[in-house]
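Trainee: prediction below, plus the sequence it came from.
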Amino acid sequence: MKRNSHLLSSLSSFFLSLSLLFFSSSLLFFLSFQHVEAGLYSPGGAVKVLNSQEFKDRVVNSHDLFVVEFYADWCGHCQRFAPEYEKAAKALRGLVQFVAVSDQAIMPEYNIRGFPTVKVFVGKGGKPPKMFDYNGPREAKDVVDFALTHATKLAKARLA
């Protein structure tokens, strides 16, 4: 009887240890993905992350040119593209504004069907903005060329 009690106690300890190990492993696994879920862009970086309201306030209601990436944190292509997009934003800091939007509620309105999708928006002060799709390579220099082409067109149109 005493032996069964000791065996039962040992088994209980074993299963408790196993449960704690499983729980802590699960917690670490979950937390390892929280870094990705926190976002692809840092708050102080060259790319400003906007929610849907900020997007409408800053991009749609402006008269400025924006390069906009629509993305999802979980998307592998977006994760690989983020450093290149950040490089392009740093290269054009002060000239062209780079923003990123992961708020899927507004994506149908702008015909976003895959990630990452990059577009140039030229705001028209609250009217529907002009939009230009970027379909080129996912490298900083190509995104810079695309942005500068549209910035040059906008500047020349303002001179006319």
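Mentor: On my side now, so go ahead.

Trainee: got the domain ranges for this structure?
Mentor: 1-34, 48-159 (automatic domain parsing).

Trainee: which residues in the chain form helices?
Mentor: 2-37, 52-55, 76-91, 140-159 (DSSP state H).

Trainee: hey, least reliable of the ones you listed by pLDDT?
Mentor: Ranked by mean pLDDT, the helices of the chain bottom out at helix 2-37, which scores a mean of 48.

Trainee: and for the nearest residue to residue 133 once chain neighbours are set aside, the neighbour number?
Mentor: Among residues not flanking residue 133 along the chain, residue 119 sits closest, at 5.6 Å (CB to CB, 6 or more residues apart in numbering). To be clear about C-beta, it is placed using only N, CA and C from the backbone, and glycine gets the same treatment. Neighbour count of residue 119, defined by other CB atoms under 10 Å: 19.

Trainee: surely residue 119 and residue 110 touch.
Mentor: Yes - counting by CB atoms under 8 Å, residue 119 does reach residue 110; the two are 7.1 Å apart.

Trainee: shared neighbours of those two, anything?
Mentor: Here residue 119 and residue 110 have 70, 131 as joint contacts, going by CB atoms under 8 Å, 6 or more residues apart in numbering.

Trainee: can I get the domains of the chain in JSON lines with distance to residue 42?
Mentor: Shown next, in JSON lines, are the domains of the chain (distance: least, CB to CB, whole Å):
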{"stretch": "domain 1-34", "distance to residue 42": "15"}
{"stretch": "domain 48-159", "distance to residue 42": "9"}
